[in-house]
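In: Pasted the sequence and its predicted model underneath.
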Amino acid sequence: MITLGIDTSNYTTGAALFDGESVTQLKRALPVKPGELGLRQSDALFHHTVRLPELLEELLAGAGKIEAVGVSDRPRAVQGSYMPCFLAGVSAAGSIASALRVPLRRCSHQQGHLAAALFSCGQMDLFECKFLAFHISGGTTECLLVSPGLLAERIGGSADLKAGQLADRVGALLGFGFPAGAALDVLALEGGLPRTVKPTVQGMECHLSGIENQCGHLFNAGASPADIARWCLESIAAAMEVICARAAQSHGDLPIVFTGGVCCSEVLRRRIRPRFPGALFAAPEFSSDNAAGAAILAGREN
């Protein structure tokens, strides 16, 4: 059985096919003007509307019979979660499902991230288990308690800036384009490891805005760009480490899954893995925004 997945997040147009064993996916980053730190929703919706047909034409060329269509229709599976950019995907997915007379399966963008991560890590059995998850990106920095069926309850995270937002702002300070996370991570690995990093964490809520301020002070004091990048990402990673430890203490010996674009960071992975050797990190192509999860979830519901 082949299922089609579509995801139109704020910065990536994605489409994927899942045949029960393997995933074929295509995605395109939305264009952001130099010097800007994001897109208006109206612009994101426009770009998705233009790009999605091109992506689908390429992906579906020579594909077999599609038996279900999955689509992310909102950021999170909670009441009031909404972003207009997902309307492009919902519209296309609904039209395709109607034309093919196959089921349309909706999921949240976050559920898609979790599904793709479990597939990437070879842990599909966790779909029916309870586990802890960290969804860390430009739009979300959350610690989740996930129940069977990928029902996620937020139990911690950032109370102000999202980790990806912070990385993009510090990246812009250092002259990088948007998004800056990948370039910042490469640069950070050239920087010196800070002697001490003291994240601001109260309970299981962290505050990341102070890190941006400190990076600005380091910049004005003449610190090297590599050291600033390293301090930024180590500070984010340290905050996640504290929250992870407290979540594990509160909820017992549960599997821990990391997903979202910031989880592609080598700095983050190097800090988390020694403390939590069993932590599961999705491969970068399944950790950053993708439509694979929507396709996988559509397949599991048939």
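Out: Done, it's in. Residues are numbered from 1 along each chain as shown.

In: From the chain's centroid, how far away is the helix ranked longest in the chain?
Out: For the chain, the helix with the greatest residue count under DSSP state H is helix 225-251. Chain-centre distance of helix 225-251: 17 Å, with Cα atoms, centre = their mean, to the nearest Å.

In: avg pLDDT for it?
Out: If you average the pLDDT over helix 225-251, you get 97.

In: Enumerate every residue touching the most centrally placed residue in the chain.
Out: The residue lying closest to the centre of the chain (Cα atoms, centre = their mean) is Gly260, at 2.2 Å. Contacts for Gly260 (Cβ atoms under 8 Å, 6 or more residues apart in numbering) come out as His113, Phe134, His135, Ile136, Ser137, Thr140, Gly164, Ser287, Ser288. C-beta: built from backbone N, CA, C; applies to glycine.

In: Not counting sequence-adjacent ones, nearest residue to it?
Out: Ser137 (3.7 Å; Cβ to Cβ, 6 or more residues apart in numbering).

In: pretty sure that neighbour is touching Ala163, no?
Out: Yes. With contact defined as Cβ atoms under 8 Å, Ser137 counts as touching Ala163 (7.3 Å).

In: which neighbours do the two share?
Out: Shared contacts of Ser137 and Ala163 (Cβ under 8 Å, 6+ apart): Val262.

In: Neighbour count for those two, which is higher?
Out: In terms of neighbours (other Cβ atoms under 10 Å), Ala163 is the more surrounded of Ser137 and Ala163; the figures are 32 against 29.

In: At which residues are the strands of the stretch 101-250 of the chain located?
Out: For the stretch 101-250 of the chain, strands defined by DSSP state E, counting those that start in this stretch occupy the ranges 104-107, 131-136, 141-147, 151-158, 200-202, 205-207.

In: ok, back up a step: run through the residues that contact the residue nearest to Gly260.
Out: Shown in contact with Ser137 (Cβ under 8 Å, 6+ apart): Lys162, Ala163, Gly164, Gly260, Gly261, Val262, Ser288, Asp289.

In: Apply 7 Å and report the result again.
Out: Lys162, Gly164, Gly260, Gly261, Val262 (Cβ atoms under 7 Å, 6 or more residues apart in numbering).

In: ok, so of these, who is nearest Asp227?
Out: Val262 (19.6 Å; Cβ to Cβ).

In: The closest one: what secondary structure?
Out: Assigned by DSSP: H, G, I helix; E, B strand; the rest coil, the conformation of Val262 is helix.

In: Find the residue closest to it in space, skipping its chain neighbours.
Out: Nearest residue to Val262, sequence neighbours excluded (Cβ to Cβ, 6+ apart): Ile136, at 4.1 Å.

In: in the stretch 1-150 of the chain, which spans are helices?
Out: Secondary structure of the stretch 1-150 of the chain (DSSP state H, counting those that start in this stretch): helices located at 41-60, 86-100, 109-120.

In: quick one, the last one and strand 141-147 angle?
Out: Translated: helix 109-120. Orientation check (axes from the mean of the first three to the mean of the last three Cα atoms, to 10 degrees): helix 109-120 against strand 141-147 gives 70 degrees.

In: just the CA coordinates of helix 109-120, formatted as CSV?
Out: Taking Å, rounded to 0.1, in the frame of the first residue of the first chain, the C-alpha atoms of helix 109-120 are listed here in CSV:
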residue,chain,number,x,y,z
HIS,A,109,2.6,19.0,12.2
GLN,A,110,3.9,17.9,15.6
GLN,A,111,2.5,14.4,15.3
GLY,A,112,4.1,14.2,11.8
HIS,A,113,7.5,15.1,13.4
LEU,A,114,7.0,12.4,16.0
ALA,A,115,6.0,9.8,13.5
ALA,A,116,8.9,10.5,11.2
ALA,A,117,11.3,10.4,14.1
LEU,A,118,10.1,7.0,15.2
PHE,A,119,10.4,5.7,11.7
SER,A,120,13.8,7.1,11.3
